[in-house]
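Asks: Sequence and computational prediction follow.
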Amino acid sequence: MNVDPIVRTYDFKNYVHVLGGFTLSGFDEEGITIARIDDMFTSKRGADGTKERSNQSAFDLEITLNVLKTNPINDVLSGIHNVDSLTNQSALPWLTKDLKGLSLVSCLHCWVRKAPDMNNKTESEANVWVLETGPAAVFTGGTISGSGPIG
């Protein structure tokens with residue numbers, strides 16, 4: 001049995017998220033979620049049990065940002081969203097990169113689909129921004145650097 005002698009460590013701080021040249025930060029504990037909007041393939045089973053699949057060419061993404069209410073990146077996202085609402089010209093490049101691994105998400109067109117609902121309570125809650133992309137490239141990799149061999 002082969003055992004990987006490297007202990008790898010996940011660290012949220014090793015990920016960089018960039019929208020149109022703005023490096024995003026200030027996420028709450030829910031962080032960020034990047035998901036395909038639709039399944040890449042659908043399938044159908046025939047009456048005789050044969051199966052076929054159809055490629056849906058679903059390369060677009062939904063990106064959910066959970067940003068601390070007090071973080072200035074809310075100002076940047078509000079500005080981008082407001083300009084886009086008026087001009088239809090704020091679909092910006094998106095990049096997510098794992099600095100200690102191979103995970104990468106990139107696309108040429110990303111926009112704010114939904115600004116957060118405003119809530120004012122006794123405890124601060126994250127501002128939840130929902131972004132959408134055009135066709136995006138996604139590679140989900142592992143961490144390539146570790147802490148060294150186990151004892």
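Replies: Happy to help now that I have it. From a predicted model like this one, the values you see are computed outputs, not experimental measurements.
Asks: wait, residue 33 sits on residue 61?
Replies: No - using Cβ atoms under 8 Å as the test, residue 33 is too far from residue 61 to be in contact (10.0 Å). C-beta coordinates here come from the backbone N, C-alpha and C atoms, glycine included.
Asks: Tell me which of these two has more neighbours.
Replies: Set residue 33 next to residue 61 and count neighbours by other Cβ atoms under 10 Å: residue 61 wins out with 22 against 12.
Asks: The more buried one touches residue 137, doesn't it?
Replies: No - judged on Cβ under 8 Å, residue 61 makes no contact with residue 137 at a distance of 10.0 Å.
Asks: anything in contact with each of the two?
Replies: Contact with both residue 61 and residue 137 is made by residues 105, 107, according to Cβ atoms under 8 Å, 6 or more residues apart in numbering.
Asks: Just the CA coordinates for stretch 25-40, please, in CSV.
Replies: Written as CSV, here are the backbone C-alpha positions of stretch 25-40 (Å, rounded to 0.1, in the frame of the first residue of the first chain):
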residue,chain,number,x,y,z
SER,A,25,-10.9,40.0,0.5
GLY,A,26,-12.8,40.4,3.7
PHE,A,27,-14.9,37.2,3.5
ASP,A,28,-16.7,35.9,6.5
GLU,A,29,-16.5,32.2,7.6
GLU,A,30,-18.7,31.1,4.8
GLY,A,31,-16.1,32.4,2.4
ILE,A,32,-16.8,32.0,-1.3
THR,A,33,-18.6,29.4,-3.4
ILE,A,34,-18.0,28.8,-7.1
ALA,A,35,-20.4,26.4,-8.8
ARG,A,36,-21.5,25.5,-12.3
ILE,A,37,-24.9,26.9,-13.0
ASP,A,38,-26.0,23.7,-14.8
ASP,A,39,-24.8,20.2,-15.2
MET,A,40,-22.3,19.7,-18.0
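Asks: That stretch: which residues count as buried?
Replies: Under the neighbour-count criterion of 16 or more other Cβ atoms under 10 Å, stretch 25-40 has 26, 27, 28, 32, 34 buried.
Asks: Perfect, I'm done here.
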